[in-house]
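*Asks:* Have a look at this prediction, sequence included:
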Amino acid sequence: MTVPSFAGPMGSELAGVLATAVAAENRVNDVLCGHLTTEMMAAQTPGGGMTVAQHLAHMAGSTKFWLAQLNEGVALPLPVLYDETQTDAFVAQDDPTRAAAVMREVWNTTLQTATVATTSGDLPHPSPAQFVLHMLGHTAYHRGQIALALKVSGFPLPDEDRMWGPMRGDA
C-alpha cells in the first residue's frame, strides 16, 4: 500500500502513520458497511440505545463537527448521514453504501486538513494529530456498539478477519 506524502508541521513520519491509520479506518468502515443491509441499519443497542444507522451518522457527524473547530470552511460542505431538517429527532439515513462513502469523504478531508494545519484552531485537543487519534478511537468505540446492536438483534457479524485485518496491516 502506498501511503500519501503530506508536507506539514506534523512531520512526515507522524503524517505517514496517521495516513496509514486513516486508510485502515476507511477499509474497516467499507467492510462494515458492505456487510450491512437496510434492515440491519435499524438494529439497536440494548436499553434503547442508538440504531446502527444512528451510530454511523454520529461517527461521520461528530468527526465533521470537530473538524469544523479546526477549519470550518473545509468541514461545512461535507455531507451528513442524518436529516438536518429534524430538530426534535435524530433521524439517520439507512443506506449503508452512502454511509461508507460519506465516512470515507469525511475521513479523507479530516486527514488532509489536520496534516497541513499550522494550529489547533478551536479544537480542545493540543494538536491536530491528537484530534485525529481521538476520532479514530471514537469511531472504533461506535463500531463496537454497532457489532453489539447487530448481535443482540440476531444479525450476523461481519467476517472478523476482513473487519479487523486492515487495522493489523492486512491488505
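*Replies:* Sure thing, it's come through.

*Asks:* any chance you could map the helices in this structure?
*Replies:* 12-35, 52-70, 72-75, 96-116, 128-152, 160-168 (DSSP state H).

*Asks:* Tell me which other helices or strands the third one touches.
*Replies:* Read it as helix 72-75. helix 52-70, helix 96-116 (3 or more C-beta pairs under 8 Å, 6 or more residues apart in numbering; DSSP states H and E). Where C-beta positions appear, they are placed from N, C-alpha and C, glycine not excepted.

*Asks:* The same query, at a cut-off of 7 Å, please.
*Replies:* helix 52-70 (3 or more C-beta pairs under 7 Å, 6 or more residues apart in numbering; DSSP states H and E).

*Asks:* Could I have the CA atoms of the helix it packs on written out in PDB?
*Replies:* Output of helix 52-70 as PDB, limited to C-alpha atoms (Å, rounded to 0.1, in the frame of the first residue of the first chain):
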ATOM      1  CA  VAL A  52     -26.800   1.100  13.600                       C
ATOM      2  CA  ALA A  53     -27.800   4.000  11.200                       C
ATOM      3  CA  GLN A  54     -27.600   6.500  14.000                       C
ATOM      4  CA  HIS A  55     -24.100   5.200  15.100                       C
ATOM      5  CA  LEU A  56     -22.800   5.600  11.500                       C
ATOM      6  CA  ALA A  57     -24.400   9.100  11.300                       C
ATOM      7  CA  HIS A  58     -22.900  10.000  14.600                       C
ATOM      8  CA  MET A  59     -19.400   8.700  13.600                       C
ATOM      9  CA  ALA A  60     -19.300  10.900  10.500                       C
ATOM     10  CA  GLY A  61     -21.200  13.800  12.100                       C
ATOM     11  CA  SER A  62     -19.000  14.100  15.200                       C
ATOM     12  CA  THR A  63     -15.800  13.900  13.100                       C
ATOM     13  CA  LYS A  64     -17.200  16.600  10.900                       C
ATOM     14  CA  PHE A  65     -18.200  18.700  13.900                       C
ATOM     15  CA  TRP A  66     -14.700  18.600  15.400                       C
ATOM     16  CA  LEU A  67     -13.100  19.200  12.000                       C
ATOM     17  CA  ALA A  68     -15.200  22.400  11.800                       C
ATOM     18  CA  GLN A  69     -13.400  23.500  15.000                       C
ATOM     19  CA  LEU A  70     -10.100  23.100  13.100                       C
END
